[in-house]
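1. Let me see the structure of the following:
(2 chains)
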Amino acid sequence: DTGVSQNPRHKITKRGQNVTFRCDPISEHNRLYWYRQTLGQGPEFLTYFQNEAQLEKSRLLSDRFSAERPKGSFSTLEIQRTEQGDSAMYLCASRSGHLQETQYFGPGTRLLVL
Amino acid sequence: KQEVTQIPAALSVPEGENLVLNCSFTDSAIYNLQWFRQDPGKGLTSLLLIQSSQREQTSGRLNASLDKSSGRSTLYIAASQPGDSATYLCAVRPNDYKLSFGAGTTVTVRA
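-> As a prediction, the model looks like this:
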């Protein structure tokens, strides 16, 4: 079990550029989550996949954000036309279908928009 | 909307002292409650998960209690060590889709 992995770990970009993050969940987990965490706050839910289906999106996920999980395995989160307010840690988590199981979190991707 | 509050926001104690971290939530309709640890710039590590039907969970020096009807949970860490210094996050799971987190309590254990 290699755990949840995220790439890149750090990303610095200029305002207006597009960025894409990747999350590889634990292999047998069919549920995948994206969260955003700003300094001094707890993570906030962004979106949720069950297999390849995106079942819920938070209002935090503006139309500049898009997430995919094309084959029900890895997922990508893209931010178009980045703004300074997008600077945050983006966390991915996965879990199995068992109702009582915890979510396992990756190390996160820290984004800085200049 | 589920609101999760953690008090205090920060805590500094000498090594060996017991730690008491508090979490409150507004909607008692939850599947479970979880305590996580987060080191600076890192992801989250699950410490304890309490199902809604349970009153407490224990793991080593850690004990977490849950009073669902009053919307409260407490994390106790016995005989604190400098390695316990981190941010501790409380999260409730109101449905199948997501966790709702508090802002965390940042703990410093002084050697």
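2. Next one, pLDDT for B:D96 please.
-> Note on B:D96: pLDDT of 67.
3. same check, this time on the one 4 residues further on
-> Here, the pLDDT recorded for B:S100 equals 94.
4. Spit out the contact partners of it.
-> B:S100 makes contact with A:F45, B:Q2, B:E3, B:V4, B:F25, B:A91, B:V92, B:R93, B:P94, according to Cβ atoms under 8 Å, 6 or more residues apart in numbering or on different chains. The way it works is simple: take the backbone N, C-alpha and C, and place the C-beta from them, glycine included.
5. Distance-wise, check it relative to B:I50.
-> For B:S100, the distance to B:I50 (Cβ to Cβ, to the nearest Å) stands at 15 Å.
6. For chain A, what's its nearest residue on chain B.
-> B:F101 (3.1 Å; Cβ to the nearest Cβ).
7. How many residues are close by the residue nearest to that residue when sequence neighbours are not counted?
-> Excluding the flanking residues, the one nearest B:F101 by Cβ to Cβ, 6 or more residues apart in numbering or on different chains is A:G42, at 3.1 Å. Using other Cβ atoms under 10 Å in any protein chain shown, A:G42 has 22 neighbouring residues.
8. Tell me where chain B has strands.
-> B:4-7, B:10-14, B:19-25, B:32-38, B:44-51, B:56-59, B:62-67, B:72-77, B:86-93, B:100-101, B:105-110 (DSSP state E).
9. Same list as before, the ones you listed that is, but in TSV and with distance to A:F105 included.
-> Below are the strands of chain B laid out as TSV (distance: least, Cβ to Cβ, whole Å):
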stretch	distance to A:F105
strand B:4-7	17
strand B:10-14	22
strand B:19-25	18
strand B:32-38	8
strand B:44-51	4
strand B:56-59	18
strand B:62-67	18
strand B:72-77	18
strand B:86-93	10
strand B:100-101	11
strand B:105-110	18
